[in-house]
Each structure stands twice: as C-alpha cells, then as structure tokens.
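Q: could you look at this predicted model? Sequence included:
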Amino acid sequence: MRNLGQLVAGLAVLSIPLSVLFFDNASAATSINGVGASPAIKNIVLTPTQNSDTYSVSLSNNTTRTLDSTVKVSDFTTAGVSNSLVFLNAQQENTHGLASVTVVSPSSLTLVPHSTQVVTVTIKDANSLSAGGHYAAIIFQTVPGGLHGNQVTLNQNLASLVFVTTSGQGTYSLQLLPQKNQVVWLGLPSNFNLLFKNTGNVQTAPRGYINVSDPFHRQVSAAIINANSGLVLPGTERLMQTATTQTTRPIWPGWYTVHTYYRYESASSFILMTTRIFYVGPLTTLILILVFVFVFFAFKRHNFVFKNRRQKNSK
C-alpha cells in the first residue's frame, strides 16, 4: 500500500464454531455460553502518513469457571454463495491475507469468573501490502482452566474479523448476476434471492433497493438490499435474501416489473437491472379452474349424448 491514501478496517466479532461462520457487519457485542467479545465492529481510518494502527478487543468471562484462551491470527477465505468462512493455515496462500502484518498481545489469557481482559491488535507495515482489500481473523480458542488427568471438555472458539481496504488504489466492481423472468399464480414473491459477484479486488457491501410495479406502473412492493451490511469478498459470490414489504395489494393479472437498483458501497450511482413476473392472481386462477371444470363436464356430457345417439341408431 505505498502512497497509502486511506485504510478502513472493520472488525466483526462473532461467537460461533471455528470451522465455518457467516459474517455481516454488526454493531453490538456477541457472546456464547457466557463468553463474550466486544466491540462487534471497529472502524479504523489511517491518515496518508500512517503505516500502522492499534485497537483492542475485550474478552469477558461471565461463567462460574476459570477459562484459558489462546489468541492467534489466521487468514481466511469464503466457501459457496452462502459466504461461509474457511480459515487457512500458514501454508495456504491468500493474496488478500492480512495475518502477516497483524500482531496480537497477549497471545494467551486466563479469565477468572466474571472478569474481562483486553487483547491488543496491531496492524503494522501497512505499506508492504498490495493494493486492494486485505483481511484476517483474530481467533480465540477458549477452554475451562484447571483440567487434570483424563477430563474431557469442548473447546469454544470465537473469531474477530479484520477487514482492511485501500482508498484510491484498489478496484471496486460489483455485479448482480442475471435473474430469470417467472410466472406466479397466487401471490408475488415475498423474497428475492440476489446473487452478487465481486469482480474487483476490494471487499464491499452491496447497497440498493427493489421496486415492484403492476401493469399500470403502480408500486406494489419494495425492499432494501443488504440491510445488515454484509460484505462480498474479492473474487467471490454471495447470495443475499431480500425480503419485500407490500405497499399495495396486487389485483390485476399481467406482467409486473421488478426494478433492482444496486451499487457497491462507495459508488455514487446505481446500476439498474429489470426483470418481469407474470402474475396470474387468485381471482384469475379461480376463473381458469371454473372454466376448466365447465369444459370438462361439457365434454363428458357431449360424449354421453353422442354415445346414446349411436346406440339408438344401431338398433
């Protein structure tokens, strides 16, 4: 990151199984089984002359047992469109890794019941990083302390994710993969599954909204995209379920238009994607069913009459 313009780092603290997790930007502390980490998000802005920065994470033990915790830094990547995280070992290369320039202190903790300790995280040598987004996980592995002999316990893992972006040097590019037109019978979709692909080299949060209008161009439903500020990492795809809010009850059958406006987080303008939904509607469906029933019984009656006439003519 030579001639560094700006660094923005987001820290998301999550209390979940270590092997796989889902991440969104959050604003509150998280905890599990009485062990918590705070804050859930830490934003850092470095000035052009800064090459490092330091922040802290509080680890709390609200249980009745003493807990031992080791702290380490690991790079990670995502797996699948659900954006679950897979942590990498030191031998696995990641071009967007941050672990090589991130230091934690202390590297181990002992927390007595109902106590809190602070871990200091330092990002150093930021100028040595390439342009684009970089990220790593601060991993806390916590077990009850004072175990002896053959006692067995379940490890509890928490991860703090650090995201770093460079201003003016990285490439921001976000694509919404095409959606198909569809036919619905009884109701318009209450959720839209949006598949975003990050074609740049900086992690970003998709922004935007959805408007659904009837054949007369009146809005019938709307939605906000990515209200939880979930990130899409460089070179990955993420499926985001977007719930709609009905503004007007759809009445008329016909083609309904879905306007999806989206952008990456720092973009100043939206990109528009348009798809269409053919809405049949409950009333039209009932009419079609009644017509089908009428035609069916009319056909049956016609066959019955025709059969009787043939029998009479044969006698």
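A: That came in fine, so what should we check first?
Q: correct me if wrong: Leu194 contacts Ile224.
A: No: here Leu194 lies out of contact with Ile224, judged by C-beta atoms under 8 Å, at a distance of 11.7 Å. All C-beta spots, glycine's among them, are computed from the backbone N, C-alpha and C.
Q: okay, and the common contacts of the two?
A: Common contacts of Leu194 and Ile224 (C-beta atoms under 8 Å, 6 or more residues apart in numbering): Thr242.
Q: the more surrounded of these two?
A: Each of Leu194 and Ile224 has its neighbours counted (other C-beta atoms under 10 Å); Leu194 has more, 22 against 13.
Q: list the contacts of the residue lying closest to the more buried one once chain neighbours are set aside.
A: Nearest non-adjacent residue to Leu194, counting by C-beta to C-beta, 6 or more residues apart in numbering: Met240, 4.9 Å away. Going by C-beta under 8 Å, 6+ apart, Met240 touches 193-196, 206, 225-226, 230.
Q: of those residues, which is the nearest to Val143?
A: The closest of the contacts of Met240 to Val143 turns out to be Gly230 (C-beta to C-beta; 30.7 Å).
Q: which SSE is Arg249 in?
A: Using DSSP states H and E, Arg249 sits within no helix or strand.
Q: which pLDDT value belongs to it?
A: Listed pLDDT for Arg249 reads 91.
Q: give me the distance between it and Gly97.
A: From Arg249 over to Gly97 the distance is 51 Å, taken as C-beta to C-beta, to the nearest Å.
Q: who has more neighbours out of those two?
A: Neighbours were counted for Arg249 and for Gly97 using other C-beta under 10 Å; Gly97 has more, 20 against 9.
Q: that one bridge partners, please.
A: For Gly97, the beta-bridge partners are Tyr135 (DSSP bridges).
Q: contact partners for it?
A: By C-beta under 8 Å, 6+ apart, the contact set of Gly97 is 75, 88, 134-136.
Q: least confident pick among the contacts of Met240?
A: Across the contacts of Met240, the bottom pLDDT score, 89, is held by Gly230.
Q: tell me the secondary structure for the residue nearest to Asn83 when sequence neighbours are not counted?
A: Distances taken as C-beta to C-beta, 6+ apart put Arg238 closest to Asn83, at 4.4 Å, once the chain neighbours are dropped. Three-state assignment for Arg238 (DSSP: H, G, I helix; E, B strand; the rest coil): strand.
Q: going forward, begin numbering at 36 instead of 1
A: Fine by me, first position is 36 from now on; the one you just mentioned is Arg273.
Q: doesn't Ser119 make contact with Arg273?
A: No: contact criterion C-beta under 8 Å: Arg273 and Ser119 do not qualify, at 10.2 Å.
Q: now the common contact residues for these two.
A: Both Arg273 and Ser119 are in contact with Thr113, where contact means C-beta under 8 Å, 6+ apart.
Q: got the confidence number for the closest residue to Ser87 other than its chain neighbours?
A: In space, and not counting its chain neighbours, Ser87 is closest to Lys159: 4.4 Å by C-beta to C-beta, 6+ apart. As predicted, Lys159 sits at a pLDDT of 91.
Q: look up how far Ile245 lies from Lys159.
A: Using C-beta to C-beta, one gets 43 Å for the distance from Lys159 to Ile245.
Q: name every strand pairing with the host helix or strand of Thr105 and say which way it goes.
A: According to DSSP H and E, Thr105 maps onto strand 102-109. Paired strands of strand 102-109, with direction, are strand 143-146 (antiparallel), strand 169-179 (antiparallel) (DSSP bridges).
Q: and that strand, what's its mean pLDDT?
A: 91.
Q: strands paired with the helix or strand following that strand, and their directions?
A: Next along the chain after strand 102-109, taking DSSP H and E as the criterion, comes strand 111-114. Using DSSP bridges, strand 111-114 pairs in its sheet with strand 119-122 (antiparallel).
Q: quick one: buried residues of the partner strand?
A: Neighbour counts over strand 119-122 (16 or more other C-beta atoms under 10 Å) mark 120, 122 as buried.
Q: chain center to that strand: distance?
A: 13 Å (C-alpha atoms, centre = their mean, to the nearest Å).
Q: what's the very next helix or strand once past it packed up against?
A: Next in sequence after strand 119-122, counting helices and strands by DSSP H and E, comes strand 137-140. Strand 137-140 sits against strand 102-109, strand 150-158, strand 169-179, with contacts defined as 3 or more C-beta pairs under 8 Å, 6 or more residues apart in numbering; DSSP states H and E.
Q: name every strand pairing with strand 137-140 and say which way it goes.
A: Going by DSSP bridges, the partners of strand 137-140 are strand 150-158 (antiparallel).
Q: for Val219, give its distance to Thr157.
A: Counting by C-beta to C-beta, the gap from Val219 to Thr157 is 54 Å.
Q: do the same with Gly270
A: Using C-beta to C-beta, one gets 27 Å for the distance from Gly270 to Thr157.
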